[in-house]
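> I need the structure of the sequence given here:
(one chain, ligands or ions: 1)
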Amino acid sequence: MERSLVLLKPDAVQRGLAGNIISRFEAKGLKIVGMKMRTFPTELLEKHYEVHNERPFFRGLVEFMTSGPVVALALEGKDAISVIRSLVGKTNSREAAPGTIRGDLGMSFSNNLVHASDAPETAKFELGLWFSDAAELSDWTPVTEPWVYNVAEELNA
Ligand code: CMP
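Numbers count the residues shown, from 1 in each chain. All right, here's what the predicted structure looks like:
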């Protein structure tokens, strides 16, 4: 099982799309192991987006991400990082495929509703940043798990 960090950005919360987006992850079979909402501090967003700190959009991105509440989710599943990236769609929402979160719900490059970790090392870094207290993460087994996955092939392999 793999874990990934997902952020529902201020535009998703302001537009009342948080439930819709969380439902898509749940319906897919991804397990929520952490979830919290608040207007997070600038310092956290600067660290989160530090790979972009030389880019011209960096300051605007940090201001946008601290402009209102964000929902931070830790999601778990087999190949969760790539599965979530494909559910989210291309960064520019106007180019994202129908059926994806950005493709169905967005029209913007910057206000693109969701952030999702893009690789295992990034997920480790981002989960440590957003859920630095391990007590905020729950290890649990959904009763549906043996139906979401094939037990012999995927759970006991
Ligand atoms: P996200 O997946 O959160 O990762 C970095 C974010 O920077 C990206 O989504 C966009 O919201 C934003 N971003 C990336 N490139 C640009 C750009 N060229 N102009 C504006 N925003 C950008």
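> who's in contact with residue 52?
Taking Cβ atoms under 8 Å, 6 or more residues apart in numbering, we find residue 52 in contact with 58, 61. Where you see a C-beta, it was placed from the backbone N, CA and C, and this is true even at glycine.
> kindly apply the preceding question to residue 119 instead.
residue 81.
> if you set the cut-off to 10 Å instead, what comes out?
4, 81-82, 85, 125 (Cβ atoms under 10 Å, 6 or more residues apart in numbering).
> what sits up against the helix or strand encompassing residue 33?
Following DSSP states H and E, one finds residue 33 within strand 31-38. The contact list for strand 31-38 (Cβ under 10 Å, 6+ apart) reads 1, 3, 5-6, 8, 13, 18, 22, 25-26, 68-77, 80, 127, 130-131, 133-142, 144-145, 148.
> downstream of that strand, the next helix or strand is which one?
helix 42-48.
> give me the distance from the helix or strand just after that next one to the chain's centre.
Sequence-wise, the next helix or strand downstream of helix 42-48 (DSSP H and E) is helix 58-65. Centre-to-centre, helix 58-65 and its host chain are 17 Å apart (Cα atoms, centre = their mean, to the nearest Å).
> before we move on, what about stretch 118-127?
Per Cα atoms, centre = their mean, the centroid offset for stretch 118-127 relative to its chain is 11 Å.
> ditto for stretch 13-29
11 Å.
> close to the ligand, is it?
No. Using Cβ under 6 Å from any ligand atom, stretch 13-29 stays clear of the ligand, coming no nearer than 13.8 Å.
> picking that back up, report the two of the contacts of residue 119 separated the most.
82 and 125 (17.2 Å; Cβ to Cβ).
> distance of residue 154 relative to the ligand?
Look at residue 154 and the ligand: by Cβ to the nearest ligand atom, to the nearest Å, they are 28 Å apart.
> report the distance from stretch 50-60 to the chain centre.
20 Å.
> please identify the buried residues of that stretch?
Within stretch 50-60, the residues that count as buried by 16 or more other Cβ atoms under 10 Å are residue 58.
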